[in-house]
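Q: Task: produce atomic coordinates for the following.
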Amino acid sequence: LKREGNGNGGKEGTGSSSVLSKAIGGKTVTAFIKNDANLRLITNQSQKYSSIDKAEAGVEIWTILSSAKFAKKYKAPQENIPADRVEEVTKLMLSSLETSLGLDNGTIHGGLVVDSRLQLWGAAVPLNVWSVTDGNANAASAAKSGFLYDSQYGVGTCGDWLLDASIAGAWESGRRLANWMVGDGDESVGLPPNGKFKVSKAASGAGIGNVR
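A: You can find the predicted model right below:
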């Protein structure tokens with residue numbers, strides 16, 4: 001998204017911030033969207049990663065996450081979304097963002113959008129999480145759960161669906177796998193016994209993973 005011209009002769013792309021930064025706040029990295037049914041999250045990647053030279057590039061990079069209900073309504077082949085569906089969904093999401101931020105319709109017009117990509121992320125938030133029902137679980141068994149590992153091939157799997165549907169769950173799963181590989185990597189780890197997939201109340205309640 002181009003920065004609006006507040007300097008260098010008022011030319012677009014040379015100003016201090018984009019229209020979104022002005023509406024949300026220049027220092028904001030991520031915000032939940034709760035006032036529009038089509039959207040759930042917005043992130044300013046240019047603020048998130050300090051390595052991006054924002055002033056030199058003259059642009060800001062943003063990510064918008066829709067609600068699950070919206071994504072389900074406009075679902076398409078995940079790796080081959082038709083061009084007309086890409087155009088339709090992109091316009092709808094930008095229009096919803098304008099409404100959410102109280103901007104006039106058309107404020108985020110094509111001239112400000114330098115480039116965009118639409119991605120259907122079907123497993124963004126797992127609704128089902130593997131849950132162990134063993135009441136005798138302890139610290140030792142916990143260290144041997146939350147990930148999968150094949151010692152024969154040295155390949156492991158981690159993810160929030162193995163622990164908790166959250167960023168913290170994904171991080172903890174990865175941490176446990178890494179510790180296992182550098183410590184007890186000669187032993188394979190599968191799904192713990194006495195467990196089953198359960199609906200994640202956290203994912204459902206947050207709305208991101210709620211398709212109702």
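Q: C-alpha from now on. contacts and neighbour counts both.
A: Will do.
Q: what residues are up against residue 74?
A: Residues in contact with residue 74, defined by C-alpha atoms under 8 Å, 6 or more residues apart in numbering, are 85, 89.
Q: confidence score at it?
A: On pLDDT, residue 74 comes in at 90.
Q: Next: the one 5 residues further on.
A: Residue 79 is assigned a pLDDT of 76 by the prediction.
Q: can you confirm it is in a strand?
A: No: going by DSSP: H, G, I helix; E, B strand; the rest coil, the assignment for residue 79 is coil, not a strand.
Q: what sits against it?
A: In this structure, residue 79 makes contact with 119-120, judged by C-alpha under 8 Å, 6+ apart.
Q: so how far is residue 178 from it?
A: Computed as C-alpha to C-alpha, to the nearest Å, the residue 79 to residue 178 distance reads 30 Å.
Q: and if you look at residue 119?
A: From residue 119 over to residue 178 the distance is 29 Å, taken as C-alpha to C-alpha.
Q: likewise residue 23?
A: From residue 23 to residue 178 the distance is 41 Å (C-alpha to C-alpha).
Q: between the two, which one's more packed in?
A: Under the criterion of other C-alpha atoms under 10 Å, the comparison of residue 23 against residue 178 puts residue 178 first, with 15 against 12.
Q: part of a helix, is that one?
A: Yes: Residue 178 forms part of a helix when assessed by three-state DSSP.
Q: all strands for the protein, in order.
A: Ranges of strands in the chain, per DSSP state E, are 30-32, 39-44, 62-66, 128-132, 147-150, 155-158, 195-199.
Q: Just send those back as a markdown table, with mean neighbour count too.
A: Converted to a markdown table, these look like this (neighbours: other C-alpha atoms under 10 Å):
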| stretch | mean neighbour count |
| --- | --- |
| strand 30-32 | 14 |
| strand 39-44 | 19 |
| strand 62-66 | 18 |
| strand 128-132 | 20 |
| strand 147-150 | 22 |
| strand 155-158 | 17 |
| strand 195-199 | 13 |
